[in-house]
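> Please work out how this folds:
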Amino acid sequence: MGRGRWVRSVQRAYRGGAVLLAGKTAIVHGGSGAVGSAVARAFAREGAAVHLTGRTVAPLEDVARRIEGDGGVAHVAQLDATDRDAVDRHADAVAAAGDGIDICFNATSNDDLQGSPLLEMAVADVTRPVVKAVTTTVVTAAAAARHMVHRGSGVILVMAGGRETIPGLGGSHIAWSALTGVCRQLAAELGPQGVRVAWLLSPGSPSPGSPASDDANRADEGALLAERPRYEDVANAAVFAASDWARTMTATELNLTGGLVSD
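Numbering: from 1, shown residues only. Okay, here's the model as predicted:
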């Protein structure tokens, strides 16, 4: 038995065979991406029925097959997370098919352009990721929150980016800052109605299972831990944040940067 499977078996034994998200319904927007697929598989592993969305069906179906192959439950829907009507209809269908919506995770991309100095970029290239980050966060959260508020419980999670200042990020850093502002506002408005909101901060992850070089093993210059976070680490943090173990956490960030960003 591999170390990862052994650790999971020990964790299950410690919990008496229980899973953290048993009976939960989760929507993962951007479910075919590296982070979204890892989070979706982790949610399913912990007992949630997972609804994957994205702009392209084929990669979503691949993730769904993997989840089902592991004994989980997965559904696929093609939609654009900036399309409020489509996202609303999907949330309504998911809630009607089950017993509401318990978890909404937004891992959609922001279509950013990096590598050029900000002063040399077209304004449209700078603002595009900002507009998309805010739009997808508001649209996906609002669609799920309507059903969560009705039940008096639910968790909204968003994948964010770093807070460190690095040249050449274009509009990415601005988008991440805007995204966290939206999350804080949502938390303030939804908290009294039983809905929690949190975001995950990661500097990026190497490909699962790939050998990491000394450079890749450091998140960046200044990281305190030698090992870069992996997609599994992000997924496990998302599981914790979505579970009742984190029931007192809202309007907060889960810092997975290995100390690159110090709080």
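
> after the worst-scoring helix or strand of the chain on mean pLDDT, next one along is what?
Least confident helix or strand, the chain: helix 3-14 with a mean of 41, by mean pLDDT, DSSP states H and E. Next along the chain after helix 3-14, taking DSSP states H and E as the criterion, comes strand 25-29.

> Average pLDDT for that following strand, rounded please.
Regarding strand 25-29, the rounded mean pLDDT is 99.

> Check which strands are paired with it and give the direction for each one.
If you go by DSSP bridges, strand 25-29 pairs up with strand 49-54 (parallel), strand 103-106 (parallel).

> Tell me which of the ones you listed sits most buried.
Among those, ranked by average contacts under mean count of other C-beta atoms under 10 Å, first place goes to strand 103-106 (a mean of 28). For every residue, glycine as well, the C-beta is placed using N, CA and C.

> Which strands or helices does the next helix or strand after that one pack on?
Moving toward the C-terminus from strand 103-106, the next helix or strand (DSSP H and E) is helix 123-151. On a contact count with 3 or more C-beta pairs under 8 Å, 6 or more residues apart in numbering; DSSP states H and E, helix 123-151 meets strand 25-29, helix 84-97, strand 103-106, strand 154-160, helix 172-190, strand 195-201.

> any chance of those in CSV, plus distance to residue 124?
Formatted as CSV, the helices and strands packed on helix 123-151 follow (distance: least, C-beta to C-beta, whole Å):
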stretch, distance to residue 124
strand 25-29, 24
helix 84-97, 22
strand 103-106, 23
strand 154-160, 23
helix 172-190, 13
strand 195-201, 26
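
> Among the ones you listed, which comes closest to residue 143?
Closest of those to residue 143 is helix 84-97, at 3.8 Å (criterion: C-beta to C-beta).

> what distance separates the closest one from the middle of the whole chain?
How far helix 84-97 lies from its chain's middle: 19 Å, per C-alpha atoms, centre = their mean, to the nearest Å.

> Make residue 1 into 44 and carry on from there
All right, first residue 44 from here; so that's helix 127-140.

> I'd guessed residue 158 sits against residue 210; true?
No - using C-beta atoms under 8 Å, residue 158 is not in contact with residue 210, being 9.8 Å away.

> any weak-confidence spans in the stretch 94-243 of the chain?
207 (pLDDT under 70).

> Out of the helices and strands packed on helix 166-194, indicate the one that is most buried.
Comparing those by mean neighbour count (mean count of other C-beta under 10 Å), strand 68-72 ranks first with a mean of 30.

> what about dumping the CA coordinates of that strand to PDB?
The C-alpha trace of strand 68-72 is given here as PDB (Å, rounded to 0.1, in the frame of the first residue of the first chain):
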ATOM      1  CA  THR A  68     -24.100  18.100  -2.500                       C
ATOM      2  CA  ALA A  69     -21.200  20.100  -4.000                       C
ATOM      3  CA  ILE A  70     -20.900  22.200  -7.100                       C
ATOM      4  CA  VAL A  71     -17.400  22.600  -8.500                       C
ATOM      5  CA  HIS A  72     -17.100  25.300 -11.200                       C
END
